[in-house]
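**Q** this is a predicted model, with the sequence first.
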Amino acid sequence: MNQEELKKIMEIAMLKDDNKEIEQELDSINEVIMMTKRLKELKLDNDEILISPINEDSNYDELEVIKISSKENILKNVSHRKDDYIVVPRVIE
């Protein structure tokens, strides 16, 4: 990419045209273009795809069914209740 192309892009993007910054930006853009060219040259046909660098199993992979106590069993141990609700002291007045 040359200065003319970069100035045109900056004009389209409505960015300020400063010659000192243009040189810096031009160097950065050309470096990115070179890196992408190098990536295209890589031969990765036989390599295994790496989705995540961590090979750790999740603790939540296997589902375990847990029996939960019935409502009646829970409420029979409550000292203050009204119908199917637990009565607690009022906190906010």
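**A** In hand now; what should we look at? Numbering: from 1, shown residues only.

**Q** contacting residues around Asn30?
**A** With CB atoms under 8 Å, 6 or more residues apart in numbering as the criterion, the residues that contact Asn30 are Met1. All C-beta spots, glycine's among them, are computed from the backbone N, C-alpha and C.

**Q** quote the end-to-end distance of stretch 81-92.
**A** 19 Å (CA to CA, to the nearest Å).

**Q** wait, isn't Val87 in contact with His80?
**A** Yes - in this structure, Val87 is within contact of His80 by CB atoms under 8 Å, at 4.1 Å.

**Q** and the residue located most distally from the centre of the chain, which of the three is it?
**A** When distances are taken from the C-alpha mean of the chain, Ser79 lies farthest, 47.1 Å away, according to CA atoms, centre = their mean. Following DSSP: H, G, I helix; E, B strand; the rest coil, the label given to Ser79 is coil.

**Q** need the phi and psi values for it.
**A** Here the main-chain torsion angles of Ser79 (degrees, to the nearest 10) amount to phi -80, psi -40.

**Q** can you check Lys82 too?
**A** According to degrees, to the nearest 10, Lys82 has phi -140, psi 110.

**Q** how much space separates it from Val88?
**A** Counting by CB to CB, to the nearest Å, the separation of Lys82 from Val88 is 11 Å.

**Q** show me where this structure has its helices.
**A** 3-12, 19-41, 71-75 (DSSP state H).

**Q** quick one: closest of those to Ile54.
**A** helix 19-41 (23.3 Å; CB to CB).

**Q** kindly provide the distance from the residue nearest the centre of the chain to Ile29.
**A** In the chain, the centroid-proximal residue (CA atoms, centre = their mean) is Ser52; its distance is 13.1 Å. Ser52 is 31 Å from Ile29, where distance means CB to CB.

**Q** one more: Lys8?
**A** For Lys8 relative to Ile29 (CB to CB), the value is 13 Å.
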